[in-house]
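1. Using only what follows, build the 3D model:
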Amino acid sequence: MYFNYVFILVISYCIFTISFSTKTDKTLLPDMPLDEEVLKLGTYRNYRVKGLKPNSHYEIRISYPAINPTLFSIEWIHENDNKDLDLSKTRKLLNTEKLMFQTDESGLINGNQKSWVKITAENEGLTNIPNADTRTITYNIVLESLLYGIPYPVVIMIILLLISLIFIYYFIMYYLPVLFTPKKKYNE
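-> As a prediction, this is how the structure comes out:
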């Protein structure tokens, strides 16, 4: 008797988790990376872009393993569906796909209240792996804040590097000579 209730509970839990794990819309927040996202080749996933600050620069970056020859594309989907918007300043660098954009005075992307990013994965190149067109690709995606076209963590790292270089210079120029100069002995 109790076994039937437990069995029904387990089955309903499995159906509930499977139905929510296959949902295609996710939220992309600034400086909050989404790691180990999975996408089947030939399909797409939409990411809702939220939490943008006014008059700020951002980049959406996708990185993926080099062992999977995959072509990722990033496309904007807007609420009012303006086809004349050209925000696609994408750049492909090794195994990274990037899209840079800027928000307006109200924190919107070209006046659109709701914006999504559509990520599509397609097979690139030839392979002798059986069923290569149906494999899944693991990737990481991040919406990163920029300062003059440079991500904030890199700016902080540059500042820390400059501070440590100044400290090393001070140490070499002023402290080391004091350590290695012989002390004078006073004879009376």
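2. Check the spacing between the residue nearest to K118 when sequence neighbours are not counted and N131 real quick.
-> Excluding the flanking residues, the one nearest K118 by CB to CB, 6 or more residues apart in numbering is E75, at 4.4 Å. In short, each C-beta sits where N, CA and C put it, glycine included. E75 sits 27 Å away from N131, going by CB to CB, to the nearest Å.
3. Looks to me like the residue nearest to K118 is in a helix.
-> No: under DSSP: H, G, I helix; E, B strand; the rest coil, E75 falls outside any helix and is assigned strand.
4. That one contacts T120, correct?
-> Yes: contact criterion CB atoms under 8 Å: E75 and T120 qualify, at 7.1 Å.
5. Where does the prediction get shaky in this protein?
-> 1-24, 79-95, 185-188 (pLDDT under 70).
6. any idea where the helices of it begin and end?
-> 2-21, 152-170, 176-180 (DSSP state H).
7. Can you read off the backbone torsions of the nearest residue to P69 once chain neighbours are set aside?
-> Excluding its sequence neighbours, the residue lying closest to P69 (CB to CB, 6+ apart) is G125, at 3.9 Å. Backbone torsions of G125, given as degrees, to the nearest 10, read phi 90, psi 180.
8. okay, now G125: neighbour count?
-> 9 (other CB atoms under 10 Å).
9. do the same with the one 4 residues further on
-> As a burial measure, the neighbour count of I129 was computed by other CB under 10 Å and equals 8.
10. wait, what's in contact with it?
-> R135 (CB atoms under 8 Å, 6 or more residues apart in numbering).
11. how near is it to P182?
-> The value you get for I129 to P182, if CB to CB is used, is 71 Å.
12. Repeat that for W116.
-> Distance from W116 to P182, by CB to CB: 72 Å.
13. Residue for residue, what is the longest strand the protein has?
-> Criterion DSSP state E: the longest strand present in the chain is strand 136-147.
14. between that one and helix 152-170, how big is the angle?
-> 60 degrees (axes from the mean of the first three to the mean of the last three CA atoms, to 10 degrees).
15. List the buried residues of strand 136-147.
-> 137, 139, 141-146 (16 or more other CB atoms under 10 Å).
16. Next: stretch 98-112.
-> 98-101, 103, 109-110, 112.
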